[in-house]
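Engineer: Here is my input, please return the structure:
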Amino acid sequence: FGWDLQTLVHERKIAVVDATPEPGEVTLETGPYDLSALLARIENAIRQVNAKRVILDAVGALFPQFTDANVVRRELHRIHAGLRMLGVTTLITMERTDEEGSIGRFGVEEFVADNVILLRNRIDQEKRRRTIEILKFRGSTHQKGEYPFTIDAEDGVMIIPLSAIELKQRSSEIRVSSGVPELDVMCGGGMYRDSIILTSGATGTGKTLMVTQYIKAAIEAGERAILFGAEESREQLTRNAASWGVDFEQAQRDGLLKIICRYPEIMGLEDHLLHLKRDIRSFEPKRVAVDSMSAFERVSTPKSFREFVIGLTSFIKQQEITGLFTNTTSMLMGGETITETHISTITDTIILLRYVELHGEMRRGLTVLKMRGTWHEKDIREYVIDNQGMHIREPFRGIHGILSGTPIYSYAEERQRLGGMFGSSPQKTE
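Structural biologist: Below you'll find the model as predicted:
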């Protein structure tokens with residue numbers, strides 16, 4: 001962590017009292033047992049450095065040979081009372097033998113302390129995940145339940161409390177371009193500057209292209225943008241953008257674009273969220289894109305993934321940054337995945353990209369499913385992709401069931417046209 005504790009000891013800012021038993025030492029209980037001698041050493045150390053905080057690390061090691069919980073409770077009370085008289089804040093750490101068992105080894109430790117904090121190291125889907133819980137906090141209200149946290153070399157312990165995130169983000173009336181002029185028209189003039197946009201579609205529908213157009217619009221406006229890739233490398237994203245006429249290399253040289261690519265499997269979601277926030281703070285972009293969110297969903301539990309999404313979206317909104325997330329659906333022709341159900345209520349705008357099978361040919365359709373705070377077009381429009389990017393055309397007509405993946409065609413117009421070709425014969429009169 002970069003802490004020079006030895007220097008702080010020499011400067012008399014930290015004092016260390018070593019109560020570790022000697023290796024091989026055997027302790028026998030032969031009479032009344034108390035910690036008066038240890039308390040005297042601690043008191044002397046406190047006065048030497050004028051300490052305001054005391055840490056008793058692994059206190060359970062002081063009672064290895066005792067089975068009587070009453071003795072342990074009495075001595076803990078002795079420590080508690082003695083340190084309280086000295087006016088210091090005391091942090092005591094103790095081991096647990098089971099994640100869900102008793103709080104302490106002797107079953108009395110939690111009753112002596114004013115506050116009790118539980119640290120757990122759970123395993124979820126073959127991955128370890130640290131959580132913290134405030135079990136007891138005398139004299140004040142506190143957040144209930146477990147919250148994920150991580151340990152980072154730069155910031156130490158970082159807790160991610162979802163219940164502490166307040167819905168107080170400001171809302172802007174300023175609109176920005178999506179990079180596709182026709183899509184801006186469908187959205188009533190563009191995207192809101194501080195909105196979160198979800199682009200959902202099957203593989204090959206053009207989600208990464210939409211990210212590229214979105215980044216291109218920021219570059220043309222002279223705004224900074226940051227792209228987080230979870231499935232493609234920086235070189236591959238740059239090559240793909242060049243095939244659509246967008247120069248990511250020049251934008252990076254100009255300081256307008258930063259591309260960061262990490263596999264979701266290399267760390268937990270708490271660490272990913274910490275790094276994403278740190279990268280955004282350091283680069284200060286106006287737009288953020290994540291391609292794709294479903295890659296993070298596959299390496300997490302539903303609860304941890306939702307915590308990750310809420311933490312990231314709330315941070316982006318607080319910074320008044322436009323965010324674009326992509327999501328890959330599992331079904332080729334439509335439907336949804338668990339990722340969509342987790343993100344759909346959190347995002348402000350949802351754009352669906354779907355394949356449409358029409359007369360034996362695979363074509364693509366786009367619709368704006370949701371857009372908060374403004375009118376948006378409801379049609380499902382066909383779009384094509386060429387070396388200049390995405391081009392949105394006319395709405396599909398005479399076909400329905402595209403979003404469900406089971407399109408049904410209507411031949412009413414064809415029947416009317418054929419019917420007009422044959423007039424009814426005049427009836428005979430008697």
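Engineer: Could you list the low-pLDDT ranges of this protein?
Structural biologist: Confidence mapping of the chain against pLDDT under 70 gives the ranges 24-34, 63-69, 101-102, 104-109, 161-170, 332-342, 401, 403-407, 409-430.
Engineer: if I pick the residue positioned nearest the centre of it, what's in contact with it?
Structural biologist: In the chain, the centroid-proximal residue (C-alpha atoms, centre = their mean) is Phe308; its distance is 2.0 Å. Neighbouring residues of Phe308 by C-beta atoms under 8 Å, 6 or more residues apart in numbering: Leu269, Glu270, His272, Leu273, Phe296, Ser300. The way it works is simple: take the backbone N, C-alpha and C, and place the C-beta from them, glycine included.
Engineer: How about Ile134?
Structural biologist: When contacts are taken as C-beta under 8 Å, 6+ apart, Ile134 is in contact with Asn115, Val116, Ile117, His142, Gln143, Lys144.
Engineer: wait, which of those is closest to Trp244?
Structural biologist: Nearest to Trp244 among the contacts of Ile134 is Gln143, at 46.6 Å by C-beta to C-beta.
Engineer: Which secondary structure element is home to the closest one?
Structural biologist: Gln143 belongs to no helix or strand when assigned by DSSP states H and E.
Engineer: Roughly how far does it sit from Ile159?
Structural biologist: 10 Å (C-beta to C-beta, to the nearest Å).
Engineer: what's the answer for Arg53, then?
Structural biologist: 19 Å.
Engineer: picking up where we left off before, take the contacts of Phe308 and write them to CSV, including neighbour count, distance to Gly204 and secondary structure.
Structural biologist: Below are the contacts of Phe308 laid out as CSV (neighbours: other C-beta atoms under 10 Å; distance: C-beta to C-beta, whole Å; DSSP: H, G, I helix; E, B strand; the rest coil):
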residue, neighbour count, distance to Gly204, secondary structure
Leu269, 25, 27, helix
Glu270, 24, 32, helix
His272, 22, 26, helix
Leu273, 22, 29, helix
Phe296, 23, 20, helix
Ser300, 20, 25, coil
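Engineer: just curious, which of those is nearest to Gly189?
Structural biologist: Nearest to Gly189 out of those is Phe296 (C-beta to C-beta; 31.4 Å).
Engineer: pull the CA atoms of stretch 91-101 into CSV?
Structural biologist: C-alpha atoms of stretch 91-101 as CSV (Å, rounded to 0.1, in the frame of the first residue of the first chain):
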residue,chain,number,x,y,z
LEU,A,91,-10.7,-1.4,17.0
ILE,A,92,-10.5,-5.1,17.9
THR,A,93,-10.2,-7.8,15.3
MET,A,94,-11.2,-11.4,15.9
GLU,A,95,-11.2,-14.6,13.9
ARG,A,96,-14.3,-16.6,13.1
THR,A,97,-14.5,-20.3,12.4
ASP,A,98,-17.5,-20.1,10.2
GLU,A,99,-18.9,-17.5,7.8
GLU,A,100,-22.4,-18.0,9.2
GLY,A,101,-21.7,-19.2,12.7
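Engineer: buried ones in that stretch?
Structural biologist: For stretch 91-101, the buried set under the neighbour-count rule, 16 or more other C-beta atoms under 10 Å, comprises Ile92, Met94, Arg96.
Engineer: what does stretch 250-257 give?
Structural biologist: Ala251, Leu256, Leu257.
Engineer: where's the first one, which helix or strand?
Structural biologist: Same thing as Ala251. helix 248-253.
Engineer: neighbouring contacts of that helix?
Structural biologist: Ile215, Ile219, Ala225, Leu237, Thr238, Ala241, Ala242, Leu257, Lys258, Ile259.
Engineer: The fifth one should be in a helix, yeah?
Structural biologist: Right, Thr238. Yes. The assignment for Thr238 (DSSP: H, G, I helix; E, B strand; the rest coil) places it in a helix.
Engineer: Three-state assignment for Gly323, please.
Structural biologist: strand.
Engineer: now the helices for the stretch 301-430 of the chain?
Structural biologist: 302-318, 338-343, 412-421 (DSSP state H, counting those that start in this stretch).
Engineer: tally of neighbours for Arg78?
Structural biologist: Counted with other C-beta atoms under 10 Å, the neighbours of Arg78 add up to 16.
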